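Asks: here's a sequence, model it:
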Amino acid sequence: MSSGIATVAYGFVILALFLLDRDSKTQVSSALWIPMAWLWISASRPVTQWLGVASAEETVDKVHEGSPLDLLIFAGLLVAGLMALFARRRLVGTFLRENWPLLVLILYCGVSVLWSDYSFVAFKRWIKACGSLVMVLVVLTDPDPAAAVKRLLSRSGFLLIPLSIMLIKYYPNLGVSYSPWTGTSYFGGVSTGKNGLGFVCLIFGLGSLWRVVEVLRCGELSRKTGPLIAHGAVLLMTLWLFRMADSATSLACFLGGGFLIAVTSLPGLIRKQTRVHLLVGTVLVLAFYGLILNPGMGAVEAVGRDSTLTGRTELWAQVLSWPGDPLFGRGFSSFWLGDRLEYFWRTIWWHPRQSHNGYIDAFLNLGWTGVTLLAFIMAWGYQNVIGWFRRDPEAGRLRLAYFVIALLYNMTESVFFEVHPVWIAFLLAIAVIPEPSRLEGRFYPSTRMAPSATTGSASAVMM
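Replies: Predicted structure coming up:
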């Protein structure tokens, strides 16, 4: 099949997926296209790379400056998101009060820009980090947040997963990259490398798995045949892409998240909150022990990696011995800049831009103060997730899976505070959605209600 015919064929496949999953009974705001575009870009590659105008040469100055065109596009989306939120300002104000821990964390990150040795670069990155929170706000303040999140995940998966297969098979100049040192081929699909393709499969594959499980559980297959076919097809495509990507971190997280969705679907578990705590604790402790405390136990080798996690453990030892301020760190997203970045690029052949551990990077950039705030966010967020799981198991399963995979993913990658699908999914999972009826007469009748995990009041369901 020629590439032209393949493009038309895959276009019809994507259109068919959209049509099979359509639901005329639920409507979402047109503003949802704003976070959808943000997510599509963050999950794939910068617009300049799609247009073929990005420089292939990787330099420290390029890391500092970024692309003016990409910056302009993100700025435009951010402004559009803020305009949408301004129209919902009463609801947004209540949302921020309910989610004050997130606000405190992002404000501390902004203050830390002041002591960064590259303040302007850090400030630009902080603005982009705020942009991810703005996009989450746009989704969760939609008149029907349950439908908005489903549409966000479904439309993204229906587009990015089939396109990845098409690029790998018919446009290898875009979907396949090669190592400049060994010549090894890496399958990236819509992303720029195998790890990028891995987290695309992780987030949107889990979303489709969740939808498939829910359709099978409800027992109304005749009414929901279309969504079952659409998400089942995406799930099969995801499994094929995982085999091509060879991204161990994403695959392990997918298996962990899928396991949680499947097990928490068993009858009787919902009523046993202690069992849920034990299940989550077991997954996290085993992962932490096998990856961090004792990587030589064999768990790493089981997914095709060596005991150094492909050089990560050696990198962790180097960065943790680097002098700095242990209380406040180097400033938001500032450690991997300037002389420090040049040093690690000179000494490590694979040119790291992060420590490949989100917790270590949080310490390097924000110090123990930032790590403490992040730990508080996790504890607060877990309380919210468990509250949702107890009151609305359907939404709670995906929230729980996204929460746990974010914690797992950051053990060998670093995506906290980044414009990254895993971080966006984490924010969607832990956020409290205010009760519309508390907003001075503002009421959304299509929104399902459930009690808030933190305040005991009723809140709109996420999924």
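
Asks: where exactly do the strands run in the stretch 351-463 of the chain?
Replies: In the stretch 351-463 of the chain, the strands defined using DSSP state E, counting those that start in this stretch lie at 449-451, 458-460.

Asks: can you give me the neighbour number for the closest residue to residue 390 other than its chain neighbours?
Replies: Closest residue in space to residue 390, ignoring its immediate chain neighbours: residue 273 at 6.3 Å, by Cβ to Cβ, 6 or more residues apart in numbering. Any C-beta I mention is one placed from the backbone N, CA and C, and that applies to glycine too. Neighbour count for residue 273, taken as other Cβ atoms under 10 Å: 13.

Asks: equivalent analysis for residue 177, please.
Replies: Residues near residue 177, counting by other Cβ under 10 Å, number 18.

Asks: hmm, residue 193 and it touching each other?
Replies: Yes - shown here, residue 177 and residue 193 form a contact pair, counting by Cβ atoms under 8 Å, at 6.1 Å.

Asks: intersection of neighbour lists for those two?
Replies: Overlap of the contact sets of residue 177 and residue 193 (by Cβ atoms under 8 Å, 6 or more residues apart in numbering) consists of residue 186.

Asks: can you pull out the residues in contact with the helix or strand hosting residue 8?
Replies: Here residue 8, judged by DSSP states H and E, is contained in helix 3-20. Helix 3-20 has contacts (Cβ under 8 Å, 6+ apart) with 1, 155, 158-159, 162-163, 165-166, 169-171, 226-227, 229-230, 233-234.

Asks: show me which of those are buried.
Replies: Buried members of the contacts of helix 3-20, counted by 16 or more other Cβ atoms under 10 Å: 155, 158-159, 162-163, 165-166, 169-170, 226-227, 229-230, 233-234.

Asks: low pLDDT regions in this structure?
Replies: The chain contains residues with pLDDT under 70 at 55-57, 180-183, 219-223, 269-271, 295-307, 435-463.

Asks: those strands in it, which residues are they?
Replies: In the chain, the segments counted as strands under DSSP state E are 176-178, 185-187, 449-451, 458-460.

Asks: list the buried residues of the second one.
Replies: What it means is strand 185-187. In strand 185-187, counting by 16+ other Cβ under 10 Å, buried: 186-187.

Asks: and the helices in the stretch 201-350 of the chain, which stretches?
Replies: When assigned using DSSP state H, counting those that start in this stretch, the helices of the stretch 201-350 of the chain occupy the ranges 225-245, 248-263, 273-288, 299-302, 312-320, 338-347.

Asks: and the last one, what does it pack onto?
Replies: Just to be clear, that refers to helix 338-347. helix 60-65 (3 or more Cβ pairs under 8 Å, 6 or more residues apart in numbering; DSSP states H and E).

Asks: relative to the whole chain's centre, how far out is the helix it packs on?
Replies: 24 Å (Cα atoms, centre = their mean, to the nearest Å).

Asks: equivalent analysis for stretch 173-191, please.
Replies: 22 Å.

Asks: in that stretch, which residues are buried?
Replies: The neighbour-count check on stretch 173-191 (16+ other Cβ under 10 Å) flags 174-177, 186-191 as buried.

Asks: again with stretch 334-353
Replies: For stretch 334-353, burial by neighbour count (16+ other Cβ under 10 Å) applies to 334-338, 340-341, 344-345, 352.

Asks: neighbouring contacts of it?
Replies: 58, 60, 63-64, 116-118, 121-122, 181, 311, 315, 318-319, 322, 324, 329, 354-355, 361, 364-365.

Asks: mind exporting that stretch as CSV, just the C-alpha atoms?
Replies: Only the C-alpha atoms of stretch 334-353 are listed here, as CSV (Å, rounded to 0.1, in the frame of the first residue of the first chain):
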residue,chain,number,x,y,z
SER,A,334,17.0,25.2,36.7
PHE,A,335,19.4,22.4,37.6
TRP,A,336,19.7,21.1,34.0
LEU,A,337,20.9,24.4,32.5
GLY,A,338,24.1,26.2,31.7
ASP,A,339,27.4,24.8,33.0
ARG,A,340,25.8,21.9,34.7
LEU,A,341,24.1,20.7,31.5
GLU,A,342,27.4,21.2,29.6
TYR,A,343,29.3,19.1,32.1
PHE,A,344,26.9,16.2,32.0
TRP,A,345,26.7,16.3,28.2
ARG,A,346,30.5,16.1,28.1
THR,A,347,30.7,13.2,30.5
ILE,A,348,27.7,11.2,29.6
TRP,A,349,27.3,10.1,25.9
TRP,A,350,23.5,10.0,25.9
HIS,A,351,23.2,13.7,26.8
PRO,A,352,20.7,13.7,29.7
ARG,A,353,18.3,16.6,30.2
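
Asks: possible to save the buried residues of stretch 173-191 as a markdown table with distance to residue 42?
Replies: Shown next, in a markdown table, are the buried residues of stretch 173-191 (distance: Cβ to Cβ, whole Å):
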| residue | distance to residue 42 |
| --- | --- |
| 174 | 18 |
| 175 | 18 |
| 176 | 21 |
| 177 | 19 |
| 186 | 20 |
| 187 | 20 |
| 188 | 15 |
| 189 | 15 |
| 190 | 11 |
| 191 | 10 |
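
Asks: most widely separated two among these?
Replies: 186 and 190 (13.6 Å; Cβ to Cβ).

Asks: just the helices in the stretch 351-463 of the chain please.
Replies: Under DSSP H, counting those that start in this stretch, the stretch 351-463 of the chain gives helices at 358-391, 393-409, 421-430.

Asks: could you work out the end-to-end span of stretch 35-50 for me?
Replies: Stretch 35-50 has an end-to-end distance of 19 Å (Cα to Cα, to the nearest Å).

Asks: contact partners of that stretch?
Replies: Defining contact as Cβ under 8 Å, 6+ apart, one finds that stretch 35-50 is touched by 54, 67, 69-70, 73-74, 77, 81, 131-132, 135-136, 138-139, 151-152, 155-156, 159-160, 190-192, 196, 199-200, 203-204, 419-421, 424.

Asks: could I get the buried residue list for it?
Replies: Buried residues in stretch 35-50 (16+ other Cβ under 10 Å): 35-49.

Asks: out of the residues you listed, which is nearest to residue 86?
Replies: residue 35 (15.4 Å).

Asks: which non-adjacent residue is nearest the closest one?
Replies: residue 135 (3.7 Å).

Asks: residues in contact with the one you found?
Replies: 34-35, 38-39, 77, 81, 424.

Asks: how deep is residue 293 tucked in, by neighbour count?
Replies: Quick note: residue 293 (other Cβ under 10 Å) scores 9 neighbours.

Asks: likewise residue 83?
Replies: Using other Cβ under 10 Å: residue 83 sits among 12 other residues.

Asks: how about residue 7?
Replies: Close neighbours of residue 7, defined as other Cβ under 10 Å, add up to 14.

Asks: same deal with residue 406?
Replies: Residue 406 has 26 neighbours, counted by other Cβ under 10 Å.

Asks: how far away is the residue lying closest to it once chain neighbours are set aside from residue 33?
Replies: Spatial nearest neighbour of residue 406, chain neighbours left out: residue 426 (3.8 Å); criterion: Cβ to Cβ, 6+ apart. Using Cβ to Cβ, to the nearest Å, residue 426 is found at 22 Å from residue 33.
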